[in-house]
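Colleague: Sequence unavailable; structure follows:
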Ligand SMILES: NC(=O)C1=CN([C@@H]2O[C@H](COP(=O)(O)OP(=O)(O)OC[C@H]3O[C@@H](n4cnc5c(N)ncnc54)[C@H](OP(=O)(O)O)[C@@H]3O)[C@@H](O)[C@H]2O)C=CC1
Ligand SMILES: O=C1OC[C@@H](O)[C@H](O)[C@H]1O
């Protein structure tokens, strides 16, 4: 079972959380925000059991085994590293990082901590790219 912790009350969580709640393989355990009031408000909206007033606190929750990182792009690598170092798998919003050196760091930290770090690269599944692939093949 994927037991998710969500880092922030980003707008995209309004689209991500309802999809997760439909998945039989996922449970949303906690949400964190820099503001405990915001975290509690999002938690109440979606019946998420735990709310934290800092991202650090969420990463200490041993019930969570995968973290969703929808922070501003420049913070993706830092928090993916911190999640991996806390022993948690990580799904990072696109772009996974803003520097090639950070991508290399993510590869290293994932291997060292035996976790997966994946990018939520929505465009791979977009119909327009399927159409391009189909056109190239034909
Ligand atoms: N896959 C997809 O289809 C889409 C992906 N995205 C990606 O998702 C990510 C989030 O986008 P979006 O939802 O628009 O982001 P928002 O600006 O709505 O949210 C980002 C959140 O990050 C937190 N945060 C932490 N530090 C800062 C800071 N210094 N300044 C501002 N916010 C901060 C805030 O949460 P809090 O206050 O709760 O701590 C804030 O709500 C981006 O990486 C974007 O590229 C966006 C749209 C679609
Ligand atoms: O990456 C994206 O894909 C889906 C869009 O709705 C979103 O605005 C964009 O950031």
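Modeller: Everything's here; your move. Note that this is a predicted model, so its numbers are computed, not measured. Ligands and ions are numbered 1, 2, ... in the order given.

Colleague: where does the spatially most central residue of the chain land in three-state SS?
Modeller: Central residue check for the chain by CA atoms, centre = their mean: the C-alpha nearest the mean position is that of residue 68, 1.6 Å away. Residue 68 falls in the strand class when you classify it by DSSP: H, G, I helix; E, B strand; the rest coil.

Colleague: Toward the C-terminus, what is the element adjacent to the top helix by length along the chain?
Modeller: Using DSSP state H to assign secondary structure, the helix with the most residues in the chain is helix 100-113. Scanning forward in sequence from helix 100-113 by DSSP states H and E, the next helix or strand is strand 117-120.

Colleague: Return the list of helices and strands in contact with that next one.
Modeller: Packing contacts for strand 117-120, counted by 3 or more CB pairs under 8 Å, 6 or more residues apart in numbering; DSSP states H and E, involve helix 76-85, strand 89-93, helix 100-113. The way it works is simple: take the backbone N, C-alpha and C, and place the C-beta from them, glycine included.
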